[in-house]
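3D, please:
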Amino acid sequence: MVAKIKKWIQQSPFKSLLDSRNIGLALFAIIVLSVTWSGVKVVQTNYRLQKQISEAQAQNDLQQLENNNSRLRTNYLKSSQYQELAARRLFNLAAPGEKLIIVPKSVALTYAPALSQPKVATSETQKVSSPWYGANMQAWFDFFAGRKPID
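Numbering: from 1, shown residues only. The predicted model follows:
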């Protein structure tokens with residue numbers, strides 16, 4: 001029985017796995033996989049950090065634009081032009097030499113031109129009333145016929 005076991009171990013395909021060349025190859029594969037894994041982790045971390053940096057820069061740029069806008073608004077409110085317009089509007093004041101005439105709203109509207117209502121194009125009503133595939137086919141037909149470009 002012992003002879004059978006020794007013979008089986010010598011003929012076993014697993015014996016070649018214990019060879020020093022195969023053990024070295026396995027260790028090399030493990031080292032390559034660990035280096036690759038750490039490289040992937042570094043790239044992933046860099047991507048996440050770069051994303052955070054870009055978001056912070058975008059917020060910073062937005063805040064700078066808001067600050068510039070507030071500064072310009074403050075400068076406008078301090079200007080003499082705004083103060084003159086505000087005095088005219090709020091206190092009904094006029095510049096020296098000007099006469100202030102107050103016209104009732106009803107009188108002013110009688111002489112104002114009437115505002116026209118926007119017209120709805122017929123093609124827009126056709127697009128709404130027809131199903132989507134019909135409108136699509138019509139748009140392609142018009143495009144190939146040279147009537148109008150596709151929107």
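
out of the helices and strands in the protein, which is least certain?
Lowest by mean pLDDT, DSSP states H and E among the helices and strands of the chain is helix 122-129, with a mean of 53.

following that helix, which helix or strand shows up next?
For helix 122-129, the following helix or strand on the C-terminal side (DSSP states H and E) is helix 132-145.

what about the chain, any weak spots by pLDDT?
8-9, 12-15, 119-130, 148-151 (pLDDT under 70).

need phi/psi at Thr45.
phi -60, psi -40 (degrees, to the nearest 10).

that one: how many residues sit nearby?
10 (other Cβ atoms under 10 Å). For the C-beta atoms, the positions are set from N, CA and C on the backbone; glycine is no exception.

got the domain ranges for this structure?
20-95, 124-151 (automatic domain parsing).

with distance to Met1 added, can I get those in a markdown table?
Shown next, in a markdown table, are the domains of the chain (distance: least, Cβ to Cβ, whole Å):
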| stretch | distance to Met1 |
| --- | --- |
| domain 20-95 | 29 |
| domain 124-151 | 82 |
